[in-house]
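A.B. asks: Any chance you can model this:
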Amino acid sequence: MPKLMTSLAHRFVLACGLAAMLPAMAAAPAHRLTVLCYHEVADRQDALDASYAVRPAEFAKQVDWLKDNGYSFVDLDAVLADRAGRKPLPPKAVLLTFDDGYRSVYRNVFPLLKREHIPAVVAVVGSWLEVPEHANVDLDGRAIPRTALMSWQELREMQSSGLVDIASHTYALHGGLLANPQGNKEPAATARAWLPDAKRYESESAYRRRIHDDLARNNALIQKMLHVKPRAVVWPYGRYNVAIAQDAVRLGMPMGFNLDDGANTRDVPDWALRRELVMGNESVQGLAFALRQRANDILDEGRPTKAAHIDLDYIYDPDPQQQETNLGKLLDRLQVLGVNTVYLQAFSDPDANGAADAVYFPNRHLPMRADLFNRAAWQILTRTQVKRVYAWMPLLAWQLPASDPAAKDSVVTLPNKANHLAMGYPRLSPFSPRARKAIREIYEDLGRAATFDGILFHDDVTLSDYEDGSPWALAQYKAWGLPQPLPELRANPKLLRRWTDHKVEWLDTFAGSVAASVRQELPGLQTTRNLYAQVALNPESETWYAQSLQASLRHYDYTAIMVMPYMEQAPDATAFYRQMVERVAAIPGAMEKVVFELQSVDWRRNDAPLPPDELPDTVARLYSWGVKHVGYYPDNVFTDTPDARLMRQVFITKPDSPPGNRLE
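C.D. replies: Alright, predicted model coming up:
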């Protein structure tokens, strides 16, 4: 696999951990199929990339272990028959796949497949196979000899055995594509090409045509040379989106394989089958653990979150050269910090009124302050140890240009003498169809513009007990059977509770629908939301904010509670932390899904940084109390807030891979 994408592929590797022994929040559908992804099978001295090359002897041990532990090797026909409901797969079904078409697979794997009568899928890149035998193949910027790949005759021999299906690995999408003005190369199957001469991105129609033509060309080549059409597409680097996957189906490839985490249950589409990437240093014991994780649908490696919540506003500069310098400083800082997760701001609020009126990516609704989010996210993922980047975005707090049809569809605060818990910043009403459409389109454009792992919904996923009184909201309350005018509703505790529950569900469901729109581009996307601390500590506060910890645990992959004692004016910070830990620990499984997000400055003292030892000492205390996931806000690269070296010292006490690491 090309070095450009090595760090990207590593993000999909499951590491050994204790998560399999932890209680699940909900029962998962039964696992039906394990798909293993291999590249080279060669000894280290013969390998092109030792990190991905599995030694032949180790591969044979893995096959023996699978056989001895009840796994049944199946082919594409069996998978298709099961998916069509004609014949179920045997228990513990496993499909072997080999990417890129390396000759080592023909030499070191094919004899074993024939001897043991084991089926497999081999995915080939058409443009590589058309290179003359005496020349080199450009494997995404790295020259490898054409002789390192199989010949057409060897592929015919494997196919004619009846054991091997030849799949498409695309014609020329196995490489990087210029994906932004700053020069990043990103996976060609999902990146929208930056056209430097035109100073714009390729259009959506041009992108779709480019992918369609590539897939069709590879199909035609394989049919010409092997006299059979491929029935499956294997996406390079595991990168795909729903639209191109469905296009592949229309081109006659009903099966699609990626590198997403999770189990292949009945609800996983045929065109989105997940695979376990087998690395070069994979032991049999490690593979066994990984398969248990995948069968139990345990995602994200059971890795503890160590998150820095970062403002791109600190990195932005009108001078592009200074902006690049600032970004370089951030990358260096992240290496020192030792965090594995970044919540990265994708919006901007230049007028500081609490609502975003610009963003850092091209879109249909808002001014783009700078085309910066994609650049920053990609650099973080490929040049630091960070494993996950979340786009930090508002859900409702958008200030659209006055010309936008939804610009005035705002949340209305009902009259109250004390202005009780009015949120204090503009938001679009979640009950307005126009506003919801605009918000979804902003998120859709974000998904097309960048590569990232998740969304962190800002703390604006909230409505106070005096909100929303907009016409669209009032119509929805009537549909819920709630009485009007609303002062009558507030005077009745039971009706107030009903109103609150409806609003909580409406907000969380809307956030889920927004995330679903992004998953059309980034199918493996995860979600986190910020939650006010009082919601977790005081049941009455659910009505104040239309937020619920229990509902949040159901609707989002993670909940980042703002555990910030100075913001809450808690008289005893340690007691405040302890109370929060006890509250979360009392909910079965919640510790696996709650991020304790801490403050690094005291906003009530003119944004003064906390003493250098305080934040790392707090993290250490939380770890000792059983907290798994920790983050902090803000991070300032220019003032070293918080102290990066002190934070690293405490973060490394919480290993990313729990005891029993799968790697040798």
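A.B. asks: For the rest of this, base every contact and every neighbour count on C-alpha atoms.
C.D. replies: Fine.
A.B. asks: Okay, now the unreliable bits of the stretch 551-664 of the chain?
C.D. replies: Applying pLDDT under 70 to the stretch 551-664 of the chain flags residues 657-664.
A.B. asks: Put the alpha carbons of the helix or strand harbouring residue 205 into CSV.
C.D. replies: Element membership for residue 205 (DSSP states H and E) is helix 204-226. Taking C-alpha atoms only, helix 204-226 is exported to CSV below (Å, rounded to 0.1, in the frame of the first residue of the first chain):
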residue,chain,number,x,y,z
GLU,A,204,-20.4,17.1,-8.7
SER,A,205,-21.5,15.8,-12.1
ALA,A,206,-17.9,15.7,-13.4
TYR,A,207,-16.9,13.8,-10.2
ARG,A,208,-19.6,11.2,-10.7
ARG,A,209,-18.8,10.9,-14.4
ARG,A,210,-15.0,10.4,-13.6
ILE,A,211,-15.7,7.6,-11.1
HIS,A,212,-18.3,5.9,-13.4
ASP,A,213,-15.9,6.0,-16.4
ASP,A,214,-13.1,4.5,-14.3
LEU,A,215,-15.2,1.7,-13.0
ALA,A,216,-16.6,0.9,-16.5
ARG,A,217,-13.1,1.0,-18.0
ASN,A,218,-11.8,-1.5,-15.5
ASN,A,219,-14.8,-3.8,-16.0
ALA,A,220,-14.3,-3.7,-19.8
LEU,A,221,-10.6,-4.5,-19.4
ILE,A,222,-11.1,-7.4,-17.1
GLN,A,223,-13.8,-8.8,-19.4
LYS,A,224,-11.6,-8.5,-22.4
MET,A,225,-8.6,-10.2,-20.8
LEU,A,226,-10.3,-12.8,-18.6
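A.B. asks: Now residue 517. Nearest residue, chain neighbours left out?
C.D. replies: Distances taken as CA to CA, 6 or more residues apart in numbering place residue 444 nearest to residue 517, at 5.9 Å, with adjacent residues excluded.
A.B. asks: Hmm, I typed the wrong one, I wanted residue 251.
C.D. replies: residue 216 (6.9 Å).
A.B. asks: follow-up on the earlier one: next SSE after the helix holding residue 205?
C.D. replies: strand 232-234.
A.B. asks: List the contacts of the residue most central in space within the chain.
C.D. replies: Residue closest to the average C-alpha location in the chain (CA atoms, centre = their mean): residue 453, at 2.4 Å. Contact analysis of residue 453 by CA atoms under 8 Å, 6 or more residues apart in numbering lists 388, 389, 390, 391, 522, 524, 525, 526.
A.B. asks: Could you tell me how many residues sit around residue 349?
C.D. replies: When neighbours are counted by other CA atoms under 10 Å, residue 349 registers 17.
A.B. asks: With residue 495 instead?
C.D. replies: 15.
A.B. asks: I'd like the mean pLDDT over the helix holding residue 205, please.
C.D. replies: Mean pLDDT, helix 204-226: 98.
A.B. asks: can you check stretch 59-66 too?
C.D. replies: Mean predicted confidence for stretch 59-66 is 96.
A.B. asks: Give me the contact list for it.
C.D. replies: Contacts of stretch 59-66 (CA under 8 Å, 6+ apart): 41, 72, 112, 284, 287.
A.B. asks: now those: which count as buried?
C.D. replies: Buried residues within the contacts of stretch 59-66, counting neighbours by 16 or more other CA atoms under 10 Å: 41, 72, 112, 284, 287.
A.B. asks: Could you spell out which stretches of the chain belong to which domain?
C.D. replies: Domain assignment for the chain by automatic domain parsing gives 31-298, 305-409+421-464+506-651.
A.B. asks: how distant is the last one from the center of its chain?
C.D. replies: When C-alpha coordinates are averaged (CA atoms, centre = their mean, to the nearest Å), domain 305-409+421-464+506-651 and its chain have centres 15 Å apart.
A.B. asks: measure it end to end?
C.D. replies: Taking CA to CA, to the nearest Å, domain 305-409+421-464+506-651 runs 10 Å from one end to the other.
A.B. asks: about what we covered before: among the contacts of residue 453, who's most crowded?
C.D. replies: Within those, most neighbours by other CA under 10 Å means residue 391, with 28 neighbours.
A.B. asks: who does the helix or strand hosting that one touch, helix- and strand-wise?
C.D. replies: Using DSSP H and E, residue 391 falls within strand 388-393. Contacts defined by 3 or more CA pairs under 8 Å, 6 or more residues apart in numbering; DSSP states H and E place strand 388-393 against strand 341-345, helix 373-383, strand 454-457.
A.B. asks: which helix of the chain spans the most residues?
C.D. replies: helix 493-519 (DSSP state H).
A.B. asks: picking up where we left off before, of the contacts of stretch 59-66, which pair is most distant in space?
C.D. replies: 41 and 72 (21.1 Å; CA to CA).
A.B. asks: helix or strand right after the helix or strand hosting residue 595?
C.D. replies: Per DSSP H and E: residue 595 is located in strand 594-599. Once the chain leaves strand 594-599, the next helix or strand it forms, by DSSP H and E, is strand 601-602.
A.B. asks: Give me the contact list for that next one.
C.D. replies: For strand 601-602, the external contacting residues (CA under 8 Å, 6+ apart) are 566, 567, 607, 608, 609, 610, 633, 634.
A.B. asks: If I look at the residue nearest to residue 656 when sequence neighbours are not counted, what pLDDT would I see?
C.D. replies: Counting by CA to CA, 6+ apart, the nearest residue to residue 656 once its immediate chain neighbours are dropped is residue 303, at 5.3 Å. We have a pLDDT of 86 for residue 303.
A.B. asks: do the same with the one 10 residues further on
C.D. replies: Residue 313 is assigned a predicted lDDT (pLDDT) of 96.
A.B. asks: try residue 393
C.D. replies: 98.
A.B. asks: Number of residues surrounding it?
C.D. replies: Residue 393 has 25 nearby residues by other CA under 10 Å.
A.B. asks: Was I right to think it contacts residue 348?
C.D. replies: No. With contact defined as CA atoms under 8 Å, residue 393 does not reach residue 348; the gap is 9.4 Å.
A.B. asks: So the spatially closest residue to residue 242 that is not a sequence neighbour versus residue 243, what's the distance?
C.D. replies: Once flanking residues are discounted, residue 242 sits nearest to residue 520: 5.1 Å by CA to CA, 6+ apart. Residue 520 sits 7 Å away from residue 243 when distances are taken as CA to CA.
A.B. asks: Between these two, which has more neighbouring residues?
C.D. replies: Per other CA under 10 Å, whichever of residue 520 and residue 243 has more neighbours is residue 520, with 18 against 11.
A.B. asks: Next, find the distance separating the more buried one from residue 170.
C.D. replies: 20 Å.
A.B. asks: again with residue 438
C.D. replies: 34 Å.
A.B. asks: between those two, which one's more packed in?
C.D. replies: A count of neighbours by other CA under 10 Å puts residue 170 above the other of residue 438 and residue 170, at 26 against 21.
A.B. asks: Name the SS class of the more buried one, please.
C.D. replies: State at residue 170, reduced to three classes by DSSP: H, G, I helix; E, B strand; the rest coil: coil.
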